[in-house]
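Q: Fold the following, please.
(one chain, ligands or ions: 1)
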Amino acid sequence: MSFLSIRNVFKSYFLHGKRIDVLRDVSLDIGRGELVSLVGPSGAGKSTFLHVLGTLDAPAAGEVLFEGQSVFAMNDARIADFRNRTIGFVFQSHYLLPEFTALENVAMPALIQRRDRGQTYAEARKLLERVGLGGRVDHRPGELSGGEAQRVALARALVLQPAILLADEPTGNLDPATGEGIHQLLREVNRDLGITAVVVTHNEALARSMPRRLRLAGGQVTDA
Ligand SMILES: Nc1ncnc2c1ncn2[C@@H]1O[C@H](COP(=O)(O)OP(=O)(O)OP(=O)(O)O)[C@@H](O)[C@H]1O
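A: Residues are numbered from 1 along each chain as shown. Model (predicted):
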């Protein structure tokens, strides 16, 4: 049984009466602890694939299996609960809340889940130190650089101790040197915390630095 599987997944969009087939019978297994990059042409469907894998979006047909269990066979409340407990997300934009400090932003998902405040803040502080921002805990997003804000977003994605981290172009808004710092952190998080990670990127150098590379083209995902 695989840790994470996609089985015969189809996904289309309908726009102005036209159907766009984005995922066409995609099947794939990802093992626990793998670090995977996903590349492909613009508009090929990488974000769509990540949204289905992350259970944010249901496929039109096919299954997403976590440890052999079909996630979309559950009701919406259980899927949301599964997602909160299991998956952390990082996007191209950091989506930090501007009126809260870095520490509060990182703690937020755990506080929403009614986790213990003291433990949550201790964990959030530890995570900010891990991403190199121990000296920025009281800064608000407007007082952080783009790279720092993305590090805070990464720390926030880890606060509920997810088994899986999904990153959609996490360095898309950053200059190459700053982006490389984020890539390095993703590798460390994968190595030190054992988190299974899938990273969508246009950056070929980053893709090559990952132990496993996937390519999405023509509605199909293949090992590249
Ligand atoms: N909500 C939507 N409604 C209609 N069409 C959509 C929707 N979301 C995406 N698409 C279309 O589906 C295709 C795949 O989009 P997606 O964002 O998954 O590609 P991508 O590979 O992530 O692209 P990029 O590298 O440019 O971010 C594109 O043609 C896009 O225009």
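Q: pLDDT-wise, which helix or strand of this structure ranks last?
A: Here the helix or strand of the chain ranked lowest by mean pLDDT, DSSP states H and E is helix 204-209, holding a mean of 85.
Q: do that one and the ligand meet at all?
A: No - using Cβ under 6 Å from any ligand atom, helix 204-209 stays clear of the ligand, coming no nearer than 12.7 Å. Quick note: C-beta positions are derived from backbone N, CA and C, even for glycine.
Q: contacts for that helix?
A: Helix 204-209 is contacted by residues S37, V39, T171, G179, E180, H183, R187, V199, T201, R213, A224 when judged by Cβ atoms under 8 Å, 6 or more residues apart in numbering.
Q: right, and L186 touches P170 too?
A: Yes - between L186 and P170 there is a contact under Cβ atoms under 8 Å: 7.4 Å.
Q: For the two, indicate the residue with more neighbours.
A: Counted by other Cβ atoms under 10 Å, L186 and P170 do not tie: P170 has more neighbours, with 29 against 25.
Q: can you tell me the helix or strand for that one?
A: Secondary structure assigned from DSSP states H and E places P170 in neither a helix nor a strand.
Q: so what does the helix ranked longest in the chain touch, helix or strand wise?
A: Counting by DSSP state H, the longest helix found in the chain is helix 176-193. If contacts are counted by 3 or more Cβ pairs under 8 Å, 6 or more residues apart in numbering; DSSP states H and E, helix 176-193 sits against strand 35-39, helix 146-158, strand 164-168, strand 196-200, helix 204-209.
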